[in-house]
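[1] Quick one, structure for this:
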Amino acid sequence: GEGAKPTMVDMKALEKVASPPTPKGQRASKGVKVVPLHDGPSESVADVQAKLNMLTAHNEELSGRQATVPELDKLLAKIGELGCPPMRQFSLTNRTSVIKERIKDLEALGTESEQRLREEYAHQQKMDEMRLVFAKKAEALNRAMEERVDTFSEIFVVDTVAEAEQQVAEIDGYRESLEALQCDLDAIAAYAEEMGSMRISRNPYSRFGMPDLLAHMSRCEAALEARQVSVQEALAHQQQIDATKKAFAAAADAILEFVKAERAKLDEVAPPGLVIQPDDTAAIEKGKAMGSALDALMAPDAKEGRDAKLLPAQELSDKLMEAAELDNPYTAQTIMTLKTQIDLLDKVLRDKRSFVEGQLARAQAEITSEQYEEIKKVFYHFDKSKDGLLNQLEFAAAIKAMDFEIADHEQQPTFLRFAKEGQRAEEPAAMTIDLSGFTTFVLQQYKDNDTKDTLFAAFETVANGKDTLSAEDIRAAIPQEEADYLLSQLELKDGDHGLEYKKFTEAIYGGT
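    Numbering: from 1, shown residues only. Reported below is the predicted structural model:
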């Protein structure tokens, strides 16, 4: 009323209390334009949620400020009652109206911002879901591709053409599985394109992006191609090995046929069961022809020819050994068994030659019972094992004891001519000579040494160079028993003029 002392009001404090807050991130202005809270790109659900939380805090603060508006109205009424000048009162009323309008604008803007943030939140959730779906698909596809790379890179071993062909057939299955992975990769690529249309540029849930998956697919394709090359090379190698095995089998069959034919030829040259009687001149001549034919077959060039039959099989066997291929389904023969067949053929040849020589020696040589006893005595003396057989060392000692002159380099071939294999049960492969073979050898030596020149030289030595040989000369040269036997055969007696041994020798051997 009039005369009342006006109450002083701090207008600046009133304006500060009545002014609505300016939210964080906004620029205050004199008008109603306010920068919206959701302006600017959101990168995640959490980012949008943070903005929603900030908007909620702003709305709560705004609601608190709205509660001061009635107080402003009361203050204005009180100011009017206290006689505030009309102009000042009008200014405050106008100011209060502006505050009310701004609060309404902020309420509307908050509602609009919340709606748009809610929409952005849903959008970010959709983007997050797509990121998770992509991450799961990418992880599964990458794992599948790694498994394919491991499978394609596995070491494989093939021992036959069939196994190699099976590996080739598996390549088609691998290729189909890779095509299925390519379809999955195409689907993920389309999904990634859809994510790109939604401006999804990063994915914190996935270890792999499309470039990674494409690179992994390239590695799968390269591993499959490398395996296909390796499998084809393995197939070609096995086909070559298989052809070599077939060729070896054919070579083995040819050698067996050759051995069979050669044995048949030997049976034709020297039939089994051959017997040459001493009084059968025709048989003796035939036996000599057999011996000559067998000697020709035992000649070095003939032996080289038989050994040469092994060369093709030997070359093929060497190739298979180099490739560590020891099993051959096309033949049971090996290079060792084939060599054994050739060796057995040589043994049959030696046995037949020894048999014919023995027959000829017995048919052409005369031997007394005393000489045979001497042969037996020497044989059993050097038979150290007492099994009726001589080995090579025992044979060499026996012939030396009988004064047969055989050069060192000829002793082994001579032994093998009369030796046989398999005569000792405990040593089936050992070569030994029995009494019959030893007797044949001795008779052969007698035959070889029983020549006109040998006999003439012996008489000449005993006669001390004289033209005649007396009984006294003979008795002086050899033991009494042997001298008596020889003088009886020569019909030479003590006191005789002497034997003209030259004429005697020529008469025996048909000389003149």
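
[2] Just the mean pLDDT for the helix or strand residue 77 falls within, thanks.
    Per DSSP states H and E: residue 77 is located in helix 69-81. The predicted model assigns helix 69-81 a mean pLDDT of 86.

[3] Over to stretch 400-408?
    pLDDT averaged over stretch 400-408 gives 83.

[4] ok, back up a step: kindly export the helix holding residue 77 (C-alpha atoms) in CSV.
    Extracted C-alpha coordinates of helix 69-81, given in CSV (Å, rounded to 0.1, in the frame of the first residue of the first chain):
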residue,chain,number,x,y,z
VAL,A,69,7.1,-21.6,-12.0
PRO,A,70,4.2,-21.3,-9.5
GLU,A,71,6.6,-19.7,-7.1
LEU,A,72,7.4,-17.1,-9.7
ASP,A,73,3.7,-16.4,-10.2
LYS,A,74,3.4,-15.8,-6.4
LEU,A,75,6.4,-13.6,-6.3
LEU,A,76,5.0,-11.5,-9.2
ALA,A,77,1.7,-11.1,-7.3
LYS,A,78,3.6,-10.1,-4.1
ILE,A,79,5.7,-7.7,-6.1
GLY,A,80,2.5,-6.1,-7.4
GLU,A,81,1.1,-5.9,-4.0
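
[5] For that helix, enumerate the helices and strands it packs against.
    Other helices and strands packing on helix 69-81, by 3 or more C-beta pairs under 8 Å, 6 or more residues apart in numbering; DSSP states H and E, are helix 11-18, helix 86-152. C-beta: built from backbone N, CA, C; applies to glycine.

[6] rerun at 7 Å
    The helices and strands touching helix 69-81, judged by 3 or more C-beta pairs under 7 Å, 6 or more residues apart in numbering; DSSP states H and E, are helix 86-152.

[7] so how far is residue 356 from the residue lying closest to residue 428 once chain neighbours are set aside?
    Nearest non-adjacent residue to residue 428, counting by C-beta to C-beta, 6 or more residues apart in numbering: residue 422, 5.0 Å away. Distance, residue 422 to residue 356, by C-beta to C-beta, to the nearest Å: 21 Å.

[8] Name the residue in those two with the higher neighbour count.
    Neighbour totals were compared for residue 422 and residue 356, and residue 356 leads with 24 against 12 (other C-beta atoms under 10 Å).

[9] Return the distance of the more buried one relative to residue 349.
    For residue 356, the distance to residue 349 - C-beta to C-beta - is 11 Å.

[10] So for the two, which residues contact both of them?
    residue 294 (C-beta atoms under 7 Å, 6 or more residues apart in numbering).

[11] For this protein, which residues score under the pLDDT cut-off?
    Scanning the chain for pLDDT under 70 picks out the ranges 1-43, 278-279, 362, 364-369, 447-454, 482, 485-486, 489-497, 501, 505-512.

[12] can you give me the strands for it?
    420-421, 431-432, 468-469, 499-500 (DSSP state E).

[13] now, of those strands, which is deepest in the fold?
    strand 431-432 (a mean of 22; mean count of other C-beta atoms under 10 Å).

[14] ok, how many other residues are close to the spatially closest residue to residue 325 that is not a sequence neighbour?
    Spatially, and ignoring its direct neighbours in sequence, residue 325 is nearest to residue 241 (5.5 Å; C-beta to C-beta, 6+ apart). Neighbour count for residue 241, taken as other C-beta under 10 Å: 20.

[15] correct me, but residue 241 touches residue 321?
    No: the pair residue 241 / residue 321 is not scored as a contact, 11.7 Å apart, by C-beta atoms under 7 Å.

[16] how far away is residue 317 from residue 329?
    Distance from residue 317 to residue 329, by C-beta to C-beta: 15 Å.

[17] Kindly report the same for residue 307.
    28 Å.

[18] more crowded one of those two?
    residue 307 (14 against 10).

[19] which residue sits closest to that one, ignoring its sequence neighbours?
    residue 342 (6.6 Å).

[20] OK, contacts around that neighbour?
    Taking C-beta under 7 Å, 6+ apart, one finds 259, 306, 307, 309, 310 in contact with residue 342.

[21] Give me the subset of those lying in helices.
    In this view, the contacts of residue 342 that belong to helices under DSSP state H are 259, 306, 307.

[22] closest to residue 427 among the residues you listed?
    residue 259 (24.8 Å; C-beta to C-beta).

[23] residues near that closest one, how many?
    So residue 259, with other C-beta under 10 Å, has 18 neighbours.

[24] That one: what's it in contact with?
    Counting by C-beta under 7 Å, 6+ apart, residue 259 touches 341, 342, 345.

[25] is it true that the last one touches residue 264?
    The reference is to residue 345. No: the criterion here is C-beta under 7 Å, and residue 345 misses it with residue 264 at 11.2 Å.

[26] So which of these two has more stuff around it?
    Shown here are residue 345 and residue 264; by other C-beta under 10 Å, residue 345 has more neighbours (20 against 10).

[27] who touches that one in this structure?
    Contacts of residue 345 by C-beta under 7 Å, 6+ apart are 259, 262, 263, 306.

[28] roughly how far apart are the last one and residue 229?
    To tie it back to what came earlier, the one meant is residue 306. Counting by C-beta to C-beta, the gap from residue 306 to residue 229 is 46 Å.

[29] Show me which of these two is the more surrounded one.
    Neighbour totals were compared for residue 306 and residue 229, and residue 306 leads with 18 against 10 (other C-beta under 10 Å).

[30] measure residue 174 to residue 391 for me?
    Distance, residue 174 to residue 391, by C-beta to C-beta: 66 Å.

[31] now swap in residue 213 and tell me
    81 Å.

[32] same check, this time on residue 370
    27 Å.

[33] neighbour count winner among those two?
    residue 391 (19 against 11).

[34] tell me the contacts of the nearest residue to the more buried one once chain neighbours are set aside?
    Computed as C-beta to C-beta, 6+ apart, the closest residue to residue 391 that is not its neighbour in sequence is residue 432, at 5.8 Å. Taking C-beta under 7 Å, 6+ apart, we find residue 432 in contact with 389, 390, 391, 419, 420, 423, 424.

[35] What subset of those residues is buried?
    Buried subset of the contacts of residue 432 (neighbour count, 16 or more other C-beta atoms under 10 Å): 389, 390, 391, 419, 420, 423.

[36] center of the protein - which residue?
    residue 157 (6.3 Å; C-alpha atoms, centre = their mean).

[37] measure it to residue 62 for me?
    80 Å.

[38] before we move on, what about residue 235?
    With C-beta to C-beta as the criterion, residue 235 and residue 62 are 82 Å apart.

[39] so the helix holding residue 77 versus helix 86-152, what angle?
    Taking axes from the mean of the first three to the mean of the last three C-alpha atoms, to 10 degrees, one finds helix 69-81 and helix 86-152 inclined to each other by 170 degrees.

[40] Give me the buried stretch members for helix 69-81, please.
    72, 75, 76, 79.

[41] Could you dump these into TSV with distance to residue 199 added?
    Output for these, formatted as TSV (distance: C-beta to C-beta, whole Å):
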residue	distance to residue 199
72	46
75	51
76	51
79	55
